[in-house]
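In: Requesting a structural model of the entry that follows:
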Amino acid sequence: MNARVEQQVYNQCITILKLKDKYSSQLLERASEIIIEKNIAPIHRNFKAVIENIQKVEEKENETNDYTLVRGASYYGEYRND
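Out: Residues are numbered from 1 along each chain as shown. Below is the predicted model:
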């Protein structure tokens, strides 16, 4: 029974290490920090969830709103500082 548990842990480690093929080392480091900080079980599924969450937050931060209505200087009578 003990050997089976060891094999499962080993397989879990291998799948986590394979994430480096798909994601940057910086992203994996950030995910690792979050997992340790929040005391989350360090399994492949949790790593993927944390990575996806980090990517969503980054996308939201980088998202620009092209539909913002901004009134230019001409709307305000082109205020001049003479």
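
In: all contacts plus neighbour counts: C-alpha atoms, from now on.
Out: Noted.

In: where does Asp21 land on pLDDT?
Out: We have a pLDDT of 93 for Asp21.

In: for the longest helix along the chain, the distance to its chain's centre please.
Out: Longest helix of the chain, by residue count under DSSP state H: helix 44-62. Centroid displacement of helix 44-62 relative to its chain, using C-alpha atoms, centre = their mean, to the nearest Å, is 3 Å.

In: ok, the residue positioned nearest the centre of the chain - contacts?
Out: What sits nearest the mean C-alpha location of the chain, by C-alpha atoms, centre = their mean, is Ile54, with 1.5 Å. Neighbouring residues of Ile54 by C-alpha atoms under 8 Å, 6 or more residues apart in numbering: Ala31.

In: picking up where we left off before, pull out the buried residues from the longest helix of the chain.
Out: His44, Phe47, Val50, Ile51, Ile54 (16 or more other C-alpha atoms under 10 Å).

In: Any chance of JSON lines for those residues, columns pLDDT?
Out: Formatted as JSON lines, the buried residues of helix 44-62 follow (pLDDT from 0 to 100):
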{"residue": "His44", "pLDDT": "90"}
{"residue": "Phe47", "pLDDT": "93"}
{"residue": "Val50", "pLDDT": "95"}
{"residue": "Ile51", "pLDDT": "95"}
{"residue": "Ile54", "pLDDT": "95"}
